[in-house]
Structures are given as C-alpha cells and as structure tokens.
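Student: Have a look; sequence and predicted model below, questions after that.
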Amino acid sequence: MTVFFRPLLVSLLTLPLLACSASAADDSAAVKKRFTERFPERNVVSVNATPLNGIYEVVMQGRQIVYTDTRTDFIFVGDMVDVKKRQSLTEQRMNELSKVDWKALPLDLAVKEVRGNGSRSLAVFSDPDCPYCKKLEQDSLAKLDNVTIYTFLLPLTELHPDAARKSAQIWCATDRTAAWLDLMRHNKAPQGAASCDTPLARIQTLAKTLGISGTPGLVFPSGKLVPGAISQAEIEKLLAGK
C-alpha cells in the first residue's frame, strides 16, 4: 500500500472547493477518470481544482484526500497554506469534510442513555475494550447531565479480539444501557448470550463512511466530529455549540 493512503495522514489532507471555469471542470472530470484507472481499488468521491494551477484535490471514500497533477503522474500529501492570509486551507477543508449530518445518523442502532431531562444530544462511537473509551466514559461522560447519549458499538477487532463478543453481549442484553455502563464505568463484564441479531456490521460500515477509524469518536448535533477522550469541559462547550 502506497504511503499517501495511510489513515494517519487523513487529518492533514484538505483543501476548500473553489469556483472554476467550464474548462477546469472538464479537466477535473479527466483527472478523476485517470486517477480511477490508475487506482481502481480506491473509491473516488470527487475531484476539484485547487488554487495551484494544474494541481487537483482528490477526495476518496472515508474522507481521504490527496493532491495530483493533471496527468496523475505525481501524488502530493500534506498541508496547503494561504501565506498571505496565514490560514491553513487544509484545516478549513477538513472541518468541512468531517461534518456529520446528525439527522441522518441511524440512532436506533445505538445504545441509548438518558441523563437528567435528556435535552441535549451526543453520539459516541466506542469499543468496549478500548482504554480511552473507558477513560471518556468514567472521566467525562459520567459527569454530564441533561443529555441523551447514543453509543454506537464499534469493536476494533484487530486491536481487541474479544471486543466483538462483548459488543454482541451488550446489544443482546435485556437492558443494553445497564450492560454498557456496568462494563465501561464499573468494569463489570457483560453476561448472557451473544446470539441475537446485532447492528455491528452496519455500524462498521457507518463508521467507514463517516471516516471514523478509531475510538472513541464523538459526534455533536452541530455535525462536528471529534476524536479522542476529550474532557468534560470540552464536551460541554461543544454541546453548547461553541
């Protein structure tokens, strides 16, 4: 696998969409065709012109972005900066690409926990064996009030081989919320069978579509996607739309 496709580089690869002429649009279509022919295993979502003449942004599934020339003979990975404005165009573009349509989230596939009046909403993609997920639960989420938390079970089996079984046990439990909280906040292993129909495969597909490759991943109603075990204070600010 070529280095420019590594997931760790995704956060560096961005660029804002710009208005362009009809000829530029035609060039974008040609670049997309050539890129797809060279890398048929990659699902190209869009190709757009950049402020640099002859350089194009290629957006692939999972919000992976690379830059290429007209003939796709070269691939560029990195941050693009507007020197005059002293602004990172890549950061701006990443913010655009990482936004999630909250209304489109299949919340029925999540474990639902209502705290207080449940007036605020938060979605979390979490792995039952992820230590950072437990830290988030114990240090941040447990302290929130008046919020409804939707937890999408996302076992990362390559890192935690037993996470899928535990996720299934939690989903199949009579009280999913209690089973989840017992494990994550009280270290009490889930009990019972893991033989019911679960949404785990659908959640894996959803996470891939949203560009979520690690846990925890937090999604706010504003559409903002934030990775990592952030603090309660940070969550409160984001829930307030700040």
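Tutor: Noted; the coordinates are in hand. Numbers count the residues shown, from 1 in each chain.
Student: Going by C-alpha atoms from here, please, whenever you check contacts or count neighbours.
Tutor: OK.
Student: Okay, and the spatially most central residue of the chain sits in which element?
Tutor: Central residue of the chain (Cα atoms, centre = their mean): Ile212, 2.9 Å from the mean position. In this structure, Ile212 sits in neither a helix nor a strand according to DSSP states H and E.
Student: Could you check how far it is from Lys99?
Tutor: Distance of Ile212 to Lys99, given as Cα to Cα, to the nearest Å: 12 Å.
Student: what's the answer for Asp108, then?
Tutor: Asp108 is 20 Å from Lys99, by Cα to Cα.
Student: These two: which has the busier surroundings?
Tutor: Lys99 (17 against 10; other Cα atoms under 10 Å).
Student: Verify the stated contact: the more buried one with Leu225.
Tutor: Yes. Counting by Cα atoms under 8 Å, Lys99 does reach Leu225; the two are 6.3 Å apart.
Student: so what does the lengthiest helix in the chain touch, helix or strand wise?
Tutor: The single longest helix within the chain, with elements called by DSSP state H, is helix 22-38. With contacts taken as 3 or more Cα pairs under 8 Å, 6 or more residues apart in numbering; DSSP states H and E, helix 22-38 sits against strand 44-49, strand 55-60.
Student: 10 Å instead, please
Tutor: Judged by 3 or more Cα pairs under 10 Å, 6 or more residues apart in numbering; DSSP states H and E, helix 22-38 is in contact with strand 44-49, strand 55-60, strand 64-69.
Student: which residues make contact with it from outside it?
Tutor: For helix 22-38, contacts defined as Cα atoms under 10 Å, 6 or more residues apart in numbering pick out 19-21, 40, 42-49, 53-59, 68-73.
Student: Show the buried residues in the residues you listed.
Tutor: Neighbour counting by 16 or more other Cα atoms under 10 Å classes 44, 47-49, 55-59, 68-70, 72 among the contacts of helix 22-38 as buried.
Student: measure Val58 to Val47 for me?
Tutor: With distances taken as Cα to Cα, Val58 is found 5 Å from Val47.
Student: Same question for Lys103.
Tutor: Here Lys103 is placed at a distance of 27 Å from Val47 (Cα to Cα).
Student: cool, Leu159 as well?
Tutor: Distance of Leu159 to Val47, given as Cα to Cα: 33 Å.
Student: And for Arg34?
Tutor: Computed as Cα to Cα, the Arg34 to Val47 distance reads 11 Å.
Student: now Val83
Tutor: 24 Å.
Student: from memory Thr72 sits against Val47, does it?
Tutor: No. The pair Thr72 / Val47 is not scored as a contact, 11.7 Å apart, by Cα atoms under 10 Å.
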